[in-house]
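S.K.: Requesting a structural model of the entry that follows:
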Amino acid sequence: MRDSIFYSAIKAFMMTFFAVIGLILGVCAIFMGISALSSNASLDNRLISVNTEEILPNAEGKRKVLAKDAPVILQINFDGVIGVDNLKSTEVQQLLVESREGDLKGNRVKGILLYMNTPGGYATDSDDIFRQILTYKEQYQVPVYAYVNGLCASGGVYIAIAADKILASETSLIGSVGVIAPTFMNFSKVLDKIGVDTMTISAGKEKDAMNPLRPWVPGEEDNYKQIISFLYNDFVDLVVKHRPNMTKEKLVEEYGARIYPAPIAKEYGYIDESNVSLREAVKQLVQAAGIEDDNYQVIKLENSGWFKSLFKNQAPSLLTGEIKHRLTLSPEMDLLMQNKFLYLYCPTITN
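M.R.: Predicted structure coming up:
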């Protein structure tokens, strides 16, 4: 009887022992697997697609699900301020890279349609996107058309001139070839009146230039003027180079940074055609791409935000427990408050 109880106890102990050991090994295996996946995700982050495909209407207004080798017209929407949200140059670069991978690999993209409705934005992003599109067009030998539906100003024009042809709807506005820096304000007189002293510690000649808390000295704005002039001259030269019906003299002396309704913009050489619908623009691009029938798709690559933030270690606050408090202004005001040089037009015309 005692032996039976002893052996039962030993048996129960051993079963419990090995169960605990098995559980520990199982947990270790799970953690090792998670670690390996995390490591691979980190190493291969550049291979992760952050955009999903959305089928848009073709020139006939129809959406079709076709075979994986069907020709594709890639539509890139510039709808908003350039350099903000999904209109950063890095986002456009990722989109262009993914247009040659996954379901779109094998040279499926036969043409690109730039859908423009933007007041402009950051100078650097505008220039970078312009050059990315030019490089893509030359590398893959595909036609690029721009279609303006609303506003194409400043940085929008900068990007659109990378296209082989610029089309616009009748009521669109195009122009504003110019550069603007944020408005500098000086509060020194107000501070003197209320008796507030300030001190800014800096090193380097003119590091403290345009400090709003002290009186300005003549000439300290010269460096900013030089930068503005450089960006403006570069902008003008590129517009004239890529819009052959426009002369530098006309652009600088007459048109300036004004915007014009599409028919006038056509007359001045900003665009090639006005009074064009989106369907007509797609149709013209399809013909330029050498697609002879309607066996093609218009695709937009949409940024899948949560997926992207997960792999960029920017998980939502629910996962990180992090809450950010931020005063949100209009995109235009956000840009002006960040001390950036802009190809930006702030429209005041509303319908």
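
S.K.: Tell me which residues of stretch 52-65 come out buried.
M.R.: For stretch 52-65, a neighbour-count test (16 or more other CB atoms under 10 Å) marks 53, 56, 58-59 as buried. C-beta: built from backbone N, CA, C; applies to glycine.

S.K.: thinking residue 151 is in contact with residue 119, fair?
M.R.: Yes. Contact criterion CB atoms under 8 Å: residue 151 and residue 119 qualify, at 5.9 Å.

S.K.: out of those two, which sits in the more crowded spot?
M.R.: More neighbours surround residue 119 than the other of residue 151 and residue 119, with 26 against 22 (other CB atoms under 10 Å).

S.K.: Which pLDDT value goes with the more buried one?
M.R.: Model confidence at residue 119, expressed as pLDDT, equals 93.

S.K.: and what of residue 204?
M.R.: Reading off the model, residue 204 has pLDDT 88.

S.K.: Likewise for residue 309?
M.R.: pLDDT, residue 309: 47.

S.K.: Next up, the contacts around residue 219.
M.R.: Shown in contact with residue 219 (CB atoms under 8 Å, 6 or more residues apart in numbering): no residues.

S.K.: Next one: it from residue 175, what distance?
M.R.: Distance, residue 219 to residue 175, using CB to CB, to the nearest Å: 32 Å.

S.K.: Ok, residue 190 next?
M.R.: Computed as CB to CB, the residue 190 to residue 175 distance reads 37 Å.

S.K.: Tell me where the stretch 201-350 of the chain has helices.
M.R.: 222-242, 248-250, 262-268, 278-288, 305-311, 317-320, 331-337 (DSSP state H, counting those that start in this stretch).

S.K.: Tell me the secondary structure of residue 131, please.
M.R.: Using DSSP: H, G, I helix; E, B strand; the rest coil, the structure places residue 131 in helix.

S.K.: gap between stretch 250-261 and the chain center?
M.R.: Here the centre of stretch 250-261 is set off from its chain's centre by 27 Å, with CA atoms, centre = their mean, to the nearest Å.

S.K.: just stretch 161-175 next, same as before
M.R.: Distance, centroid of stretch 161-175 to centroid of chain: 19 Å (CA atoms, centre = their mean).

S.K.: List the buried residues for it?
M.R.: So, applying 16+ other CB under 10 Å, buried residues of stretch 161-175: 161-169, 172-175.
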